[in-house]
Each structure stands twice: as structure tokens, then as C-alpha cells.
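Colleague: Here you go, sequence then predicted model.
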Amino acid sequence: MDIGQQRFVFLKLLSASILATALLVMWGSQVTGSPITADAAQSLQMAINLERHGTISMEPEAPFVPTNYREPLPPILSALTLKLIDSAIGQAPPESYFAGPRAQYVKYQNLLWLTLFSLSVFWVTEQFTSSFVAGLIAVVLVNVPLRPHAPPGPIDSLLTEIPSLWLLVAASATLALGLERGKLALLALSGALFGCLALVKAVGFYVVLGLVMIPPCLYFLRRPRVPLGAALRQSALLLGAFACVVGPWMYRNHVQIGSFAITQRGGESLFERSLEDQMSRQEYLGAIYLWAPLLQKPLGKRLGFSAKDVLRGGRLERLNNDTETGLSQEDLAFERLGEPERTVTFFRQARAEREKLEHDLEVAGAAHPDMQADERLKSRAFATFAQHPWRHLLLSPLFLWRGGAQTTLILLVVLLCSAKLRRTDLVLLSLPTLAMVAAYALFSPFFPRYGLPMHLMAIVLLVIVSALLWQAVAHRMIPRAATAALKHPPAAT
């Protein structure tokens, strides 16, 4: 290695070190002892019960009834973190982990997941572009949405978005590279990573069921064709590795709770979406205004809406899902009483309906009222979808607008550019993200925070495509410059 190469390697290491230090400082500065509430608090309670009582349960006190209300991997990871904290500074009452110094210590696990995420982003970008600079640019850009802002963002919480970031990137990359290079080991790793993703975000389960069809489809689409036997082996390996990860959890749920479902919140989410399918034309237009934070002011003037419309008595009151507003707090009381007919908002109505069903089933002596209530909500939601299928499909773009507008636009650009570049591997890399966006738009209310992992993955894809287009243009320009130099050599002096 000559001096020039040594200097280049040194500069690469220096720039990577500076970036890593800056990111760790940025991430760490956001982690505070602020209270862990709502969804994150439920996951933390499950973690505490797992560490102290060996059971994944949401009960704050005995008996610790097993639950699958939330996906298991985040509580398992938090339980390991709690074990380390307790080993270092001693045990404390459970309530001390929900706010203050111990809550801050638990949240520091996010720095590990963000490190894995950034490393995965650099690795996949470098693999697809052979560019160190493109890898660094991708890492910087995906961290821009994670910069400090108010109110506290996902880094200062235990929500599932942070662990799912690196799983989506790593699982998508190993899938694309495994299929493109015919590497069975990478496909097995991809299946396992998608299994982990499903245990963080249950929607990953349905995404994988679609992804296993990719190898047989490639058999028919590629020229020259991949042998059919090889394509089927790829699908079987992907599905088998996935099943090895999610299977034990699903079996545990069947034995202890009476259902193979990864999580029981699917019915509530689907039911809320079925209620929102019934919004009026005025509410549809209002949702366009309400679900576009950056464009609310001009859209409000154009469509004739204002912030008052989401308050009680307003034209958009049913669309109010801000849990801090007075209307939502009033609805919360009826939710807890299980009186959906007295709620106003779609969000609280779906949850109140669940409470009502659980209560009725419990009175009737059902073995697992929570699980059976969720199944009933799921059945009712799908019945509504089947009754008005076209209405459901026509409303789906509105939910894309709510949680994945920018992501969808980026994905379309990436797919068009991939076709232009004839890069099948890039299409394969995009498919899991596209599938997750479609699943959320079709079968959930698609709250904006759900879209964070897909949005950051879309940014990675855009950087890769931009780098490849730049390389293609440069490759064309260099021969032209060389030809011009041959035709018009410099004059002799």
C-alpha cells in the first residue's frame, strides 16, 4: 500500500469516526428520565414481569396472567436491559422504572439499536453502490429525521419503531442479495431477521407470506430462468427460518392464551379502520387537511377547515385522535366504561367497543375474553370490508397520505429508476418496504409514527439509486471526454 492509499484509508477511518461520535452524542443527548407512558409503558410492564416473575404479562400485580397484547421482542430486550441495570445498581420497586434515572437507563438500549441500524445502512449502501461516500451520506440522511425535536421523539421512548429500523434494513438487504447471488445462507438469515421483525411489528408476518412468492415469480420472469427446484428451495428456506423464530412464540400463545396470533391488537386496529371507512365526504376532505401537517395552513384555506373543526361539535370531531385534547379525554372515560355509543372519535370508539366485548365475555365466563373480543372485532371489520370493498380500496390512498405519502413517492421513483438501470436487486430490496406500506394503508389507521421505519428505508433506497445514476452518467461522460481528446489533441508548443 503506497502513501496515497494509506492517506485515503486514514481519511475514511477519520470521517467514519467523527460521524460515529457525532451520532452517539446526538442520540445520547435525547435520552432523558421523562415518563414512559401509553404503549411503551405496557411493553415495559411486560419486561418487568418477565425479569422478576418469568412471565410476559401486563398485570401490575399478581396474578400475572400471560398476555400477547403486544409483540414480545421489545419486552424481552428490555427485560435483559433491566437485568443489567439491577445487577449493576440493585433492584428497585417496579414504579421507579417508569420515570427518572432508571427509566433513562432502560432507554439507553436504543443507542445499541441505532448503532446497528446505522451500520446496516452503511453496509447495504456500500454493497449496492461500491461507494464509501454514498454509505456515509445515507447514514447522515437517515438520522436527520431522528434529530432532537419537541415533543420527545422515538429515541426517548420504548416504542417499537427504533428496534424495527435495523431489522427492516438488514432483512431487506439479505433477501435481495441472497436472491440475486443465489446465496442460501443469506436467505436463511433474511428469514430469521424477518421473524424478529414480526415479533416487533406484527405486520411483518403478513409481509413475509407475500415475500415467499418472490423466488417462484423470478423463475417465470428471469432470463435465463432459475431452476424451479432452486426457486422452491429458496422459498422453503426463507419461510422455514422465519417459522423457527416466530413459531415458539405462536405455540406459547396457543398453549397459554388459546390463539396462535402473534399479538391480539389486530382486531382493534382493523375495527378502527372499518369505522373510518364510513367517514363522510366532508370528513374525507377534512382528513386530507388534518393529516398533512406541513401543508395544513394552505389546505385549510383551500378546503375551508381550521383547528376548531376537530373540537367537540366540529365538522371533523370524529377524526380527533390527539389523546391530550379535552374531547379525547372525555371519550377516554367512556372507553374505560365500555360504552362506545357515548364516544365521539373513531379512535376511542374502537377501543370502547373492545372494552365492552371483553366485559360481556368475562361475565359470560369466557376463558380468554380479551382474545375472543379481539377476534370478534376482526371478524366484524372484515365483514365491513367485504360489504363495501370498493369503498375500502378507494379510501386506502387517504391513509397512505396520512402515514406514508413521502415514502410512497420515493418508492415509486426508486422503482422507476431501478427499471431504467435494469437493477432487479434494487427492486427486490424495495419490495419489503413497499409491502409494509401497502399493508398499513389497507388494514390499519396508519398513524404517522408507524411509517418511520419504511420512510428511513426509502431514504436509503433513494441514496442508492442516486449514487448509481451518478455513476452511470460519469461512466458515459468519461469515454466521451477521452474520445474528444483523441479527436482534438492539444496543440504542440
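Modeller: Structure's in. What do you need?

Colleague: Going by C-alpha atoms from here, please, whenever you check contacts or count neighbours.
Modeller: Fine.

Colleague: Show me how the record splits this structure into domains.
Modeller: Split into domains by automatic domain parsing, the chain comes to 36-107, 111-261+398-476, 266-388.

Colleague: for those domains, which one sits closest to Lys12?
Modeller: Comparison of these against Lys12 by Cα to Cα identifies domain 111-261+398-476 as nearest, at 8.0 Å.

Colleague: quick one: the closest one to chain centroid distance?
Modeller: Remark: domain 111-261+398-476 is offset 10 Å from the chain centroid, using Cα atoms, centre = their mean, to the nearest Å.

Colleague: ends of it, how far apart?
Modeller: Terminal residues of domain 111-261+398-476 are spaced 42 Å apart (Cα to Cα, to the nearest Å).

Colleague: Quick one: residues in contact with the helix or strand encompassing Thr407.
Modeller: Applying DSSP states H and E as the criterion places Thr407 in helix 405-421. Here helix 405-421 makes contact (Cα atoms under 8 Å, 6 or more residues apart in numbering) with 400, 424, 426-427, 430, 434, 437, 454-455, 458-459, 461-462, 465, 469.

Colleague: State the distance from the closest residue in space to Ser96 that isn't next to it in sequence to Gln91.
Modeller: Distances taken as Cα to Cα, 6 or more residues apart in numbering place Arg102 nearest to Ser96, at 6.6 Å, with adjacent residues excluded. Per Cα to Cα, Arg102 is found 10 Å from Gln91.

Colleague: Of those two, which one has the most company?
Modeller: Arg102 (20 against 13; other Cα atoms under 10 Å).

Colleague: residues contacting the more buried one?
Modeller: Arg102 neighbours (Cα under 8 Å, 6+ apart): Gly33, Ile85, Ser96.

Colleague: Is the second one within a helix or a strand, and which one?
Modeller: In this structure, Ile85 sits in helix 73-89 according to DSSP H and E.

Colleague: pLDDT on the helix or strand following that helix, on average?
Modeller: Heading C-terminal from helix 73-89, the first helix or strand you meet, by DSSP H and E, is helix 101-107. Averaged across helix 101-107, the pLDDT comes to 93.

Colleague: from now on call the first residue 203
Modeller: Happy to do that; since the first residue is 203 now, the last one works out to helix 303-309.

Colleague: quick one on the thing from earlier: tell me the helices and strands packed up against the helix holding Ile287.
Modeller: helix 240-255, helix 303-309 (3 or more Cα pairs under 8 Å, 6 or more residues apart in numbering; DSSP states H and E).

Colleague: can you rerun that using 6 Å?
Modeller: helix 240-255 (3 or more Cα pairs under 6 Å, 6 or more residues apart in numbering; DSSP states H and E).

Colleague: relative to helix 275-291, how tilted is the helix it packs on?
Modeller: Interaxial angle, helix 240-255 versus helix 275-291 (axes from the mean of the first three to the mean of the last three Cα atoms, to 10 degrees): 60 degrees.

Colleague: With that, I have no additional questions.
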